[in-house]
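Undergrad: need a structure here:
(chains A and B)
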Amino acid sequence: MAKDFLLEIGAEEIPDWMLPPALQQLRERFEAVLKDHGLPGEVAWVEATPRRLALKASGLPLKQKSRTEVLTGPPVAAGERAAEGFARRHGVDPGQLKAVQTPKGEYLTLKKKIPGRRTIDILAEELPRIILQIHWPKTMYWTGKNGPRFIRPIRWLVALLGAQVVPFEIAGVKSGRTSAGHRRLGKPKVRVTIAGYQEELERNYVLVPASRRRRRIEAGIAALLEGSGLRVKEDPALLETLVYLTEYPTPILGSFDEAFLELPMEVLVTVMRHHQRYFSVLNADGTLAPRFIAVMNTADDPEGLVRRGNERVLRARFNDARFFWNFDQRRKLADRVDDLAHVTFQKELGSYLDKARRMVAIVESLGGDEHACRAARLAKCDLTTEMVGEFPELQGIIGGLYARAQGEPEPVAQAIYDHYKPVTMDDEIPSTHEGRLVALADKLDTLRECFRIGLVPSGSKDPFALRRAAQGVVRILVEGGLRFRIPELAGGDEKLIEFFDDRIRYYFREVRAFAYDEVNAVLAAGADDLPDAAERLAAIRDVRPTENFEPIAASFKRIKNILRQAGYAGDDEVAPEMLMEPQERELYDAFRRVRAEVEQHRGRGAYRAGLQAIAALRPRVDSFFDHVLVNAPDQRLRRNRLALLANLLKEFSSIADFSEIVTTRS
Amino acid sequence: MDYYQDIINKLKQYWGKRGVILQEPYDVEVGAGTMCPETFLRVLGPQPYRVGYVQPSRRPADGRYGDNPNRLYKHQQYQLILKPSPDDIIDQYLASLEAIGIDLDKHDIKLEEDNWESPTLGAWGIGWQVMLDGLEITQFTYFQQCGGIDLEVVPVELTYGLERIAAFLQGKDSVYDIEWAPGFTYRDVRYDDELQMSVYNFEMAGIDTLWKLFDLHEAECRRLLDAYPEYPEKKRFPVLGAYDHVLKCSHLFNLLDARGAISVTERVGVIARVRKLAVGTARIWLDQQAGGEVAA
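TA: All right, here's what the predicted structure looks like:
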């Protein structure tokens, strides 16, 4: 009869961000154990709160199936003594051994029945291993130096197979059927069954499924703001944090003095989000409302004590921010440039003053104007301010805000503000041309300098976030329509050019979702000018579904093969007088006409039209191959035909190398 | 309403009843209660220990001339060490909050990941910051290493932020408004200290003198540590005297740092110098406790 299984690891509060990956491991390790022992059954769910990791499985048998194994013993030729020894070792009578003919000779074998072990015994043996082998970013010991390691002390263990406890022990904690409720609202000891586990804990103010906690937060927020004209600033990452930071979450709405709205929204939101884990609240017009939403790990706040406590803390935080703002205004950014000499960029690469100078030089080389150069010079100065010391995640943004407040020209302020962008995949690129140049200069400098001293990312190691920097460069070039050439941006560093190539392909494939063969085709036709490559890709994506495209691509591949097999690498002009067959003359005429047409389209960047014109050659190419023998006995004719094909391939591969397209026909 | 001193007394009483030695503050400048020998040295080795004390902790760089309602050059911690840590330590801790008048049924308590590390002491631990209605009131740490040595027995360290807790209980927005004793606020007792020490730390501390003092204390500590292997009667060896000089160096480092006298490049080097002394002292102390069989 199949049994259900329940495991709950009770621990002191586990960091929220570690819980989902740990659950994934718990599931995989448990499934692996079932598989290794030939046990059927499957994991029904895994869930976690800060104080517990839980797993439910179903369909487990009471014991393994029995099986028979054939054991090979000594050769018959080894004699009776050997046979007796073998039989004795396995506790059987020598008469039960059977001689079997094998390629190596005649051997004695024993058919042995291996009885299935009880599931409960297997689990009792495996569970401590499964639990202690969960990999955590940082573990601790708590029973003493040689004790077990886990993320936080384990305080209770529930392990039930049906109604039975699976007995085992970790760090002096014995498994049982007793869980624990919410620290304040529930009973400290809660007896559970597999069927009633979630309900029993819910009665003790623990919502086991993360989805239940998420819903409770979302519904709570909706109820708080209903009819107020306000809305929450969506923040899925913060929501996940709060889901895994609570066992019984309840949102509350607090407010702060409107006078703080004088501070920049960026600062207010950062204080609320990063330092207090509050959601910000917006007015209908998108401006910040003097409200916040905190999520408690308790059921309610009837007297408003929790709300007032949180309001007091936020007030103190905002006061600090105001103090930093005013303090920092005593010295302008422009007066802080020399201070950058004391801020290390990287041990071998000198200070941020050195970096700022290099950034200015790069901006100049990219044709940046006076504003862009000034922004590059001032961009890192906010590293010396109190505000950035307190809120490092606001570097750049603070510089931009200060520049604006200190009367720097708007393009300078905006460029400083934006120069870390894009920070994430979803983030936008800087909004102005000056900002894009400064952002490019910052990232390019980091890339060039790190590559110069050999700090090149390998595997998962990328301490200077160079992949993100290169990705940022690619995005700014493509999405900002900047036609700087990659080899020049890379300062001619071959390894860096290769590194860029990787990021470019990644960007077009994973971010822009172009097919890999389209990316190959377009980049093979030129990868230095990225906005141009992006346009050619878009054109290919549009033209690809049309009727002639794939067949012509297949034909181009065929042409490439023919030229390769013929060893033809010449660049002869076609001699029109030697075109004998009507089909080759027609192809040649079409080629000349389409070449001019494509040239024109390409000049205007009208790649779709260009590709369509090439694809329209298909009937001529097809009839050429149907009627014309390329390998003509007359060597001059043959060479002329190869020249025709080579010209065709060369002239029409400047938008994309068609032969890279994977077609169903080829 | 409880005065500041009542809150402290209740905390002492609570832990005193649980077999904790009620110590007094250490009399050498420290940046945190952890640095006192009662914590730094006592957590080493196998002997159980339970001690609690209020420790005025000096952080020169945090001074704000008495202007900022929440930041202090010198704040007070209630520092508790339980070695080994009891299994129900979180429950005992939460009960201590109730003992000082926080009704946890009406408030929101969260334990948020915060691992503590002190590069100067070669020490680190795993734990949380305890958040009460969004306010950090306690640092909760299971020590793992101290003086560069893996700890044999795992102690728990609780560091209560006394000013914050008092401001919370008394409903004050500024620590300076905390009522310390009848008729006396925190401002009455401490404002001059904050103002004058900020002026000294940020503006007037003699950089050359501080560097000289640093070198002198370092040399004195070094001299003692070097003398230990040859010292005949290990039990009499003044390792505690050496440790006082470590503390002096650490405080001088903080002063120089606040004064802006240590560049980023130098910083790492100076931290390493203090750490070397701390690690050396920890090794000798441990050896001395074990009967002095293995010379450090």
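
Undergrad: contacts, neighbours, all on C-alpha from now
TA: Will do.

Undergrad: how close does B:Pro25 sit to B:Thr281?
TA: 21 Å (CA to CA, to the nearest Å).

Undergrad: B:Trp124 now?
TA: B:Trp124 is 17 Å from B:Thr281, by CA to CA.

Undergrad: With neighbour numbers in mind, choose between these two.
TA: B:Thr281 (25 against 20; other CA atoms under 10 Å in any protein chain shown).

Undergrad: and chain A, which of its residues are near chain B?
TA: A:13-15, A:140-145, A:155, A:184-185, A:245-246, A:276, A:296-298, A:301, A:303, A:305-307, A:309-310, A:312-313, A:316, A:320, A:342-344 (CA under 8 Å from any CA of the partner chain).

Undergrad: Now with 6 Å, please.
TA: Residues of chain A lying near chain B by CA under 6 Å from any CA of the partner chain: A:Pro15, A:Trp142, A:Gly144, A:Lys145, A:Met296, A:Val306, A:Gly309, A:Asn310.

Undergrad: nearest to A:Ile416, of these?
TA: Nearest to A:Ile416 among the residues of chain A next to chain B, counting by CA to CA, is A:Asn310 at 33.5 Å.

Undergrad: So for the closest one, what pLDDT did the model give?
TA: A:Asn310 carries a pLDDT value of 96.

Undergrad: Check B:Val264 too.
TA: At B:Val264, the model reports a pLDDT of 62.

Undergrad: And the helices in the stretch 51-200 of chain B, which stretches?
TA: B:89-99, B:162-170, B:186-199 (DSSP state H, counting those that start in this stretch).

Undergrad: And the stretch 1-150 of chain A, by the same measure?
TA: Using DSSP H, counting those that start in this stretch, helices in the stretch 1-150 of chain A cover A:19-36, A:80-89, A:119-132.

Undergrad: which one of the ones you listed has the lowest average pLDDT?
TA: helix A:80-89 (a mean of 86).

Undergrad: Show me what counts as buried in stretch B:110-119.
TA: Across stretch B:110-119, burial judged by 16 or more other CA atoms under 10 Å in any protein chain shown covers B:Lys110, B:Leu111, B:Glu112, B:Glu113, B:Asp114, B:Asn115, B:Trp116, B:Glu117.

Undergrad: Could you tell me how far A:Glu510 is located from chain B?
TA: 34 Å (CA to the nearest CA, to the nearest Å).

Undergrad: separation between that residue and A:Asp502?
TA: A:Glu510 sits 12 Å away from A:Asp502, going by CA to CA.

Undergrad: ok, back up a step: as CSV, the helices of the stretch 1-150 of chain A with mean neighbour count would be great.
TA: As requested, the helices of the stretch 1-150 of chain A are exported to CSV (neighbours: other CA atoms under 10 Å in any protein chain shown):
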stretch, mean neighbour count
helix A:19-36, 17
helix A:80-89, 15
helix A:119-132, 17
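
Undergrad: Would you mind giving those helices as CSV with distance to B:Glu98 added?
TA: Shown next, in CSV, are the helices of the stretch 1-150 of chain A (distance: least, CA to CA, whole Å):
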stretch, distance to B:Glu98
helix A:19-36, 30
helix A:80-89, 67
helix A:119-132, 35
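
Undergrad: Figure out which of the ones you listed is closest to A:Lys112.
TA: helix A:80-89 (11.0 Å).

Undergrad: who touches that closest one?
TA: A:Asp93, A:Pro94 (CA atoms under 6 Å, 6 or more residues apart in numbering or on different chains).

Undergrad: For residue 125, list the residues it contacts.
TA: The chain I'm using is chain A. Shown in contact with A:Glu125 (CA under 6 Å, 6+ apart): no residues.

Undergrad: Please refer instead to chain B.
TA: B:Asn115, B:Trp116, B:Thr141, B:Tyr142, B:Phe143, B:Gln144.

Undergrad: Kindly identify which of those residues also come near chain A.
TA: By CA under 6 Å from any CA, no member of the contacts of B:Gly125 lies near chain A.

Undergrad: B:Leu240: which of these is nearest?
TA: Distances from B:Leu240 to the contacts of B:Gly125, taken by CA to CA, are shortest for B:Phe143, at 21.3 Å.

Undergrad: State the pLDDT value of that closest one.
TA: The model's pLDDT for B:Phe143 equals 97.

Undergrad: Does the nearest residue to it once chain neighbours are set aside have any beta-bridge partners, and if so which?
TA: In this structure, B:Phe143 finds its nearest non-sequential neighbour in B:Gly125, 4.1 Å apart by CA to CA, 6 or more residues apart in numbering or on different chains. Beta-bridge pairing for B:Gly125 (DSSP bridges): B:Trp116, B:Phe143.

Undergrad: And B:Gly125, how far from B:Ala32?
TA: Relative to B:Ala32, B:Gly125 is positioned 15 Å away (criterion: CA to CA).

Undergrad: Please apply the same query to B:Phe40.
TA: In terms of CA to CA, B:Phe40 sits 11 Å off from B:Ala32.

Undergrad: ok, and the closest non-adjacent residue to residue 22?
TA: No chain specified, so I'll use chain A. A:Ile134 (6.5 Å).

Undergrad: not quite, I wanted chain B
TA: Nearest one to B:Leu22, counting by CA to CA, 6+ apart, is B:Gly52 at 5.3 Å.

Undergrad: which secondary element of chain A has the worst mean pLDDT?
TA: Ranked by mean pLDDT, DSSP states H and E, the helix or strand of chain A with the weakest confidence is strand A:344-346, at a mean of 80.

Undergrad: so where's the stretch 501-650 of chain A uncertain?
TA: In the predicted model of the stretch 501-650 of chain A, no residue satisfies pLDDT under 70.

Undergrad: Enumerate every residue touching A:Thr246.
TA: Counted by CA under 6 Å, 6+ apart, A:Thr246 has contacts A:Asn297.

Undergrad: Can you list the low-confidence ranges for the stretch 151-296 of chain B?
TA: B:264-265, B:293-296.

Undergrad: rerun that using 50 as the cut-off
TA: Residue ranges of the stretch 151-296 of chain B with pLDDT under 50: B:295-296.

Undergrad: Now the phi/psi pair for A:Thr143, please.
TA: Here is the backbone geometry of A:Thr143 (degrees, to the nearest 10): phi -90, psi 0.

Undergrad: Next one: it from B:Gly45, what distance?
TA: Per CA to CA, A:Thr143 is found 14 Å from B:Gly45.

Undergrad: ok, the two, which is more surrounded?
TA: Taking other CA under 10 Å, A:Thr143 and B:Gly45 do not tie; A:Thr143 has more neighbours (20 against 17).

Undergrad: And the more buried one, what's its pLDDT?
TA: Reading off the model, A:Thr143 has pLDDT 95.

Undergrad: Point me to the helix or strand that includes A:Ala513.
TA: A:Ala513 belongs to no helix or strand when assigned by DSSP states H and E.

Undergrad: distance of it from A:Arg608?
TA: From A:Ala513 over to A:Arg608 (counting by CA to CA), the distance is 19 Å.

Undergrad: Give me the nearest residue to A:Arg608, chain neighbours excluded.
TA: Closest residue to A:Arg608 apart from its sequence neighbours, by CA to CA, 6+ apart: A:Ala539 at 4.7 Å.

Undergrad: Need the contact partners of the helix or strand containing the one you found.
TA: Here A:Ala539, judged by DSSP H and E, is contained in helix A:530-543. Applying CA under 6 Å, 6+ apart, the contact partners of helix A:530-543 are A:Val478, A:Gly481, A:Tyr607, A:Arg608.

Undergrad: That concludes my questions; thank you for your assistance.
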